[in-house]
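K.L.:
pasting a predicted model and its sequence here:
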Amino acid sequence: MALVKSEVKNEIRIIFIDVLRLVDGAAIEQCYREIVELLDKTEEKHVLLHFGRVAFMSSAALGMLVRLHKKCKEYEISLKLCNITPDICQVFKITGLDKVFKIHADASDAMEAFRASGQSFFRTQGETRQDLT
Amino acid sequence: MENLLTASSVILDSLSDGVYVCDLDRRIVYWSKSAERITGWAPEDVVGRRCLDDVLCHIDKDNHRLCGEEFCPLHRSMVTGTTSTVPLIVFALGKEGTRIPMQVAVSPIRNPAGEVIGGVETFRDMSAVLADLERAKRIQALSLERDLPEDARVQFSTFYMPHDIVGGDFYGIRQLNADQYGFVLADVMGHGVAAALHTMHLSSLWERDCRLLTSPADFAGAVNHDLAKVVKDESFATAICGVIDARQRTLRFASAGGPPVLVVHPSGVAEPLESSGLPFGMMEDASYNEVVAQLAPEDCLLLFSDGAVEIHNANGEMLGVEGLVRILKDFGYPKSGININAVEETLLKFSNAIRLEDDLTFLEARFR
């Protein structure tokens, strides 16, 4: 059974982690494999990991996220996270990973941030705003 | 229950694993042929007796008596209504009087209405596998500080309960000079043999770098840098490391993603000291900050691995630091010391698990 689902919206690949408890080592590894398979195939340069279904996450899952972070850097993909519960947010804060990952309250917030950074990127490259439409 | 067993006993008696079934009163109602082969107890010796009536005399790897206690996996299975998902290790008393290490799995038995009416335990002899693990345990024990420093001004204590035969927690306390003691409490991701192997890396780094603990941030940076090279994305360790000054009664520490340090005053009021930092091994070039605290006479510093707080009850609520503080206060801490067995039992009762799911370590410094 797949643990992640994915869709593309406004050129952003949104990956939903469809697991309530991300604590089991085997589930974490499967999750990682499925996400990397998507990253291998995706043409989008913006990826959003959606944690809306995840109620519990063990520290082992943090390791998985760090590996994904490194993989995204390798693929030059901009990665954001969203819809993380307050308890899990606290774990990110204690481990300093809130400074490593870009975490947003919800998907629209994240997508707006992608859009804003995407516009900034093109502007610094000298392209005009109308080229983005 | 009887009708269920009559139909199933042919199949159960064919299994190589031992099987026994209890009712809700923990009375043994079925004992398979393999159960007899493994333990020497015949069905007529045990059926009809309560398993807690000193029949099986199960103990766990930490010499906890299991039969009749909260720690009994079969009891926990019936109380929580859950099936064990990882193998559990218990030691049973065979008919010949020898202890038999066994790997067990437990599950509740439900009637058609879904109500728990008993429990079933399957088990297999682990003697061959356990000899190797026991040796690994002795090797790991050598890497943990056995002789804690003695000082009239501050008393150090440690409590270490690995989840499996070997654990993923590591701790050290070392005298650095006439007044200062360096310490670390680290928790390698996961538990069991793989995590235990990484604790040996930590042990080597501790021996090499503990003198750096006069600056905890420097120690953390050095350990992280070298551990990251070894674990290569596969693992990491959360930790708290620091230095205690017995003369000035101060604490200086750095966090690598570990739980808060508790300062517990004689009144029982506990103040968590929080900091943040990347776990060791995650990113080679991480840097760390230091937190400094002044302590008063008779204050206790308490460090713990996250196995003590990342426990969820049946409603999904996490115990957290506040919950741990409540438990300790109920036990009269800090006036009374930590009764690790009682704390462990209370944590287990809070959880929705057959047994606690992680290693459990406490490190305490009591100022006199």
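P.N.:
In hand now; what should we look at?

K.L.:
going by C-alpha atoms from here, please, whenever you check contacts or count neighbours.
P.N.:
OK.

K.L.:
show me where chain A has its strands.
P.N.:
For chain A, the strands defined by DSSP state E occupy A:4-9, A:12-17, A:21-22, A:46-50, A:56-57, A:78-82, A:102-104.

K.L.:
and those strands as TSV, adding distance to chain B and mean pLDDT?
P.N.:
Listed next are the strands of chain A as TSV, based on distance: least, C-alpha to the nearest C-alpha, whole Å; pLDDT from 0 to 100:
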stretch	distance to chain B	mean pLDDT
strand A:4-9	21	94
strand A:12-17	19	95
strand A:21-22	10	86
strand A:46-50	20	96
strand A:56-57	8	87
strand A:78-82	17	96
strand A:102-104	15	95
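
K.L.:
can you tell me which of those is most buried?
P.N.:
strand A:46-50 (a mean of 23; mean count of other C-alpha atoms under 10 Å in any protein chain shown).

K.L.:
run the chain-centre distance for it.
P.N.:
The chain centre lies 3 Å from the centre of strand A:46-50; the measure is C-alpha atoms, centre = their mean, to the nearest Å.

K.L.:
neighbours around the residue in the stretch 101-250 of chain B that chain A sits nearest to, how many?
P.N.:
In the stretch 101-250 of chain B, no residue comes nearer to chain A than residue B:189, which is 5.7 Å away by C-alpha to the nearest C-alpha. Neighbour count for residue B:189, taken as other C-alpha atoms under 10 Å in any protein chain shown: 25.

K.L.:
surely it is in contact with residue A:58?
P.N.:
No. Using C-alpha atoms under 8 Å, residue B:189 is not in contact with residue A:58, being 9.1 Å away.

K.L.:
wait, isn't residue A:57 in contact with residue A:19?
P.N.:
No. The criterion here is C-alpha under 8 Å, and residue A:57 misses it with residue A:19 at 9.6 Å.

K.L.:
quick one: the residue of the stretch 251-368 of chain B found nearest chain A from residue A:65, how far?
P.N.:
Among the residues of the stretch 251-368 of chain B, residue B:257 lies nearest to chain A; the distance is 3.7 Å by C-alpha to the nearest C-alpha. Counting by C-alpha to C-alpha, to the nearest Å, the gap from residue B:257 to residue A:65 is 15 Å.

K.L.:
for residue A:12, same thing?
P.N.:
In terms of C-alpha to C-alpha, residue A:12 sits 19 Å off from residue A:65.

K.L.:
helix/strand/coil for residue B:101?
P.N.:
strand (DSSP: H, G, I helix; E, B strand; the rest coil).

K.L.:
what's around it, how many residues?
P.N.:
Residue B:101, neighbours per other C-alpha under 10 Å, totals 24.

K.L.:
nearest residue to it other than its sequence neighbours?
P.N.:
In this structure, residue B:101 finds its nearest non-sequential neighbour in residue B:91, 4.4 Å apart by C-alpha to C-alpha, 6 or more residues apart in numbering or on different chains.

K.L.:
show me the beta-bridge partners of the one you found.
P.N.:
residue B:59, residue B:101 (DSSP bridges).

K.L.:
now the strands for the stretch 1-150 of chain B?
P.N.:
B:18-23, B:28-31, B:59-60, B:88-93, B:99-110, B:116-125 (DSSP state E, counting those that start in this stretch).

K.L.:
and the helices in the stretch 251-368 of chain B?
P.N.:
B:320-330, B:340-350 (DSSP state H, counting those that start in this stretch).

K.L.:
outline the domain layout of chain B.
P.N.:
B:2-125, B:132-367 (automatic domain parsing).

K.L.:
now do the same contact list for the residue nearest to residue B:164 when sequence neighbours are not counted.
P.N.:
Spatial nearest neighbour of residue B:164, chain neighbours left out: residue B:192 (5.5 Å); criterion: C-alpha to C-alpha, 6+ apart. By C-alpha atoms under 8 Å, 6 or more residues apart in numbering or on different chains, the residues touching residue B:192 are B:163-168.

K.L.:
now with 10 Å, please.
P.N.:
B:133, B:162-169, B:358-359 (C-alpha atoms under 10 Å, 6 or more residues apart in numbering or on different chains).

K.L.:
and residue B:91, by the same measure?
P.N.:
So residue B:91 contacts B:56-61, B:63, B:65-66, B:98-104, B:125-127 (C-alpha under 10 Å, 6+ apart).

K.L.:
if you set the cut-off to 7 Å instead, what comes out?
P.N.:
Applying C-alpha atoms under 7 Å, 6 or more residues apart in numbering or on different chains to residue B:91 gives the contacts B:58-60, B:99-102.

K.L.:
just to revisit the earlier point, output the strands of chain A in TSV, with distance to residue B:23 appended to each entry.
P.N.:
TSV is the format used below for the strands of chain A (distance: least, C-alpha to C-alpha, whole Å):
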stretch	distance to residue B:23
strand A:4-9	41
strand A:12-17	40
strand A:21-22	31
strand A:46-50	45
strand A:56-57	33
strand A:78-82	47
strand A:102-104	50
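
K.L.:
nearest to residue B:44, out of those?
P.N.:
strand A:21-22 (43.8 Å; C-alpha to C-alpha).

K.L.:
which secondary structure elements does the closest one sit against?
P.N.:
Applying 3 or more C-alpha pairs under 7 Å, 6 or more residues apart in numbering or on different chains; DSSP states H and E, one finds that strand A:21-22 contacts strand A:56-57.

K.L.:
give me the sheet partners of the strand it packs on and which way each runs.
P.N.:
strand A:21-22 (parallel).

K.L.:
all helices of the stretch 101-250 of chain B, in order?
P.N.:
Going by DSSP H, counting those that start in this stretch, the stretch 101-250 of chain B shows helices at B:127-143, B:193-209, B:216-231.

K.L.:
the shortest one near chain A anywhere?
P.N.:
No. No part of helix B:216-231 sits near chain A under the criterion C-alpha under 7 Å from any C-alpha of the partner chain; the closest distance found is 11.2 Å.

K.L.:
got the angle for that helix vs helix B:193-209?
P.N.:
130 degrees (axes from the mean of the first three to the mean of the last three C-alpha atoms, to 10 degrees).

K.L.:
would you mark the buried spots in helix B:216-231?
P.N.:
B:216-228 (16 or more other C-alpha atoms under 10 Å in any protein chain shown).

K.L.:
next: stretch A:73-90.
P.N.:
A:77-85, A:88.

K.L.:
shaky segments in chain A?
P.N.:
Counting by pLDDT under 70, the ranges of chain A that qualify are A:118-133.

K.L.:
of the contacts of residue B:192, which is the most crowded?
P.N.:
residue B:169 (34 neighbours).

K.L.:
give me the beta-bridge partners of that one?
P.N.:
residue B:187.

K.L.:
want to throw the domains of chain B into CSV with mean pLDDT?
P.N.:
Below are the domains of chain B laid out as CSV (pLDDT from 0 to 100):
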stretch, mean pLDDT
domain B:2-125, 88
domain B:132-367, 91
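
K.L.:
which non-adjacent residue is nearest residue A:89?
P.N.:
residue A:98 (7.8 Å).

K.L.:
brain fart, residue B:350
P.N.:
Nearest to residue B:350 is residue B:313, by C-alpha to C-alpha, 6+ apart, at 5.7 Å.

K.L.:
from residue B:132, how far off is that neighbour?
P.N.:
Residue B:313 is 35 Å from residue B:132, by C-alpha to C-alpha.

K.L.:
and these two? which has more neighbours close in?
P.N.:
Using other C-alpha under 10 Å as the criterion, residue B:313 and residue B:132 rank with residue B:313 on top: 15 against 10.

K.L.:
the residue of chain A found nearest chain B: what's it in contact with?
P.N.:
Closest contact between chain A and chain B, by C-alpha to the nearest C-alpha, is at residue A:95 (3.7 Å). Residues counted as contacts of residue A:95 (C-alpha under 7 Å, 6+ apart) are B:256-257, B:276-279.
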